[in-house]
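Asker: Following is a predicted model, sequence given first.
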Amino acid sequence: MSEQSTELRETVRRRYAAAAVQVAEGGTACCGPQAVEVDDNFGGALYAADERAELPADALAASLGCGNPTAVADLREGERVLDLGSGGGIDVLLSARRVGPTGKVYGLDMTEEMLALALANRREAGAGNVEFLKGAIEAIPLPANTIDVVISNCVINLSTDKPAVFAEAFRVLAPGGRIGISDVVAEDHLGAEQRAERGDYVGCIAGALSFAEYRAGLEAAGFTGIEITPTHAVADGVSSAIVRAAKPAG
């Protein structure tokens, strides 16, 4: 990893650690100079009222995503799910209810403070089919072919090695497995400098792939049936999008 990539990852880690600490101290993830500043395009407001009602308050307060991947992943009873960059655990806990006691949901995060918050939320929710793992989404600490569905909520754009993320997601998925991701995606005509003008890296804008880059990255990893559907604008020429794709069953 280059020095610049290492610095960017550490910046992301510090900002999300600050967000977790603020929630643990009774605040929300969007408040304060060291936390992640969000608006109505991000966070718990993107979940339905009935979903918000069934979650621990701290899981909602720590939500920094740009969508609701559990609503598009079509989770089924008994499936094994992995959430990349699980944060305070909101999508893990929602997924756990969908897959039921015969299913299993893993949450992967690199930030100690977010993992501590997620574990507290798991205890409050009484989710026995949930396990949180510490690690990087570029090197998933799970065996190959063991997951049915990979979800992620506005995290892949923060990675400094997105091809590795796509390759790892493909590796851990069982044949016929699928991804259901919410992420920030830029219009194809916007170059790197133009994306940076619209928002910083930790704010989920500067590191966003274009629609064409996202599709090419997934294809290079081996995914098929790729669909990238914008849902709402988060900046000029930059949108939250739903990303679906599958690992061939053969």
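Answerer: Yep, that arrived.

Asker: rest of the way, CA atoms for contacts and neighbours
Answerer: Will do.

Asker: Just the buried positions in stretch 118-126, please.
Answerer: 118-122 (16 or more other Cα atoms under 10 Å).

Asker: And the strand ranked longest in the chain, what does it pack against?
Answerer: Ranked by residue count under DSSP state E, the longest strand found in the chain is strand 173-186. With contacts defined as 3 or more Cα pairs under 8 Å, 6 or more residues apart in numbering; DSSP states H and E, the packing partners of strand 173-186 are strand 147-153, strand 209-210, helix 211-221, strand 238-246.

Asker: what secondary structure does Gly88 sit in?
Answerer: Following DSSP: H, G, I helix; E, B strand; the rest coil, the label given to Gly88 is coil.

Asker: For it, give its distance to Arg97.
Answerer: The gap separating Gly88 from Arg97 is 16 Å, by Cα to Cα, to the nearest Å.

Asker: now Lys162
Answerer: 29 Å.

Asker: Name the nearest residue to Leu108, ignoring sequence neighbours.
Answerer: Leaving aside its sequence neighbours, Leu108 sits nearest to Leu133 (Cα to Cα, 6 or more residues apart in numbering; 4.8 Å).

Asker: neighbouring contacts of the helix or strand containing that neighbour?
Answerer: Using DSSP states H and E, Leu133 sits in strand 130-134. With contact meaning Cα atoms under 8 Å, 6 or more residues apart in numbering, strand 130-134 is reached by 92-93, 96, 104-112, 115, 118-119, 122, 141.

Asker: So which of those residues sit within helices?
Answerer: Cross-referencing the contacts of strand 130-134 against helices under DSSP state H gives 92-93, 96, 112, 115, 118-119, 122.

Asker: got a pLDDT number for the nearest residue to Ala246 once chain neighbours are set aside?
Answerer: Closest residue in space to Ala246, ignoring its immediate chain neighbours: Arg178 at 4.1 Å, by Cα to Cα, 6+ apart. We have a pLDDT of 97 for Arg178.

Asker: on that earlier part again, return the member of the buried residues of stretch 118-126 nearest to Glu193.
Answerer: Ala118 (35.0 Å; Cα to Cα).

Asker: residues in contact with the closest residue to Glu227 other than its chain neighbours?
Answerer: Once flanking residues are discounted, Glu227 sits nearest to Arg244: 5.1 Å by Cα to Cα, 6+ apart. Shown in contact with Arg244 (Cα under 8 Å, 6+ apart): 73, 178-181, 225-228.

Asker: cutoff 10 Å now
Answerer: Shown in contact with Arg244 (Cα atoms under 10 Å, 6 or more residues apart in numbering): 69, 72-73, 150-151, 178-182, 218, 223-229.

Asker: Same question for Phe166.
Answerer: Neighbours of Phe166 in contact, by Cα under 10 Å, 6+ apart: 137-138, 156, 214, 217-223.

Asker: What subset of the residues you listed is buried?
Answerer: Buried by 16+ other Cα under 10 Å: 137-138, 156, 214, 217-219, 221-223, out of the contacts of Phe166.

Asker: and the two most separated of those?
Answerer: The largest separation in the buried ones among the contacts of Phe166, counting by Cα to Cα, is between Ile137 and Glu219 at 18.3 Å.
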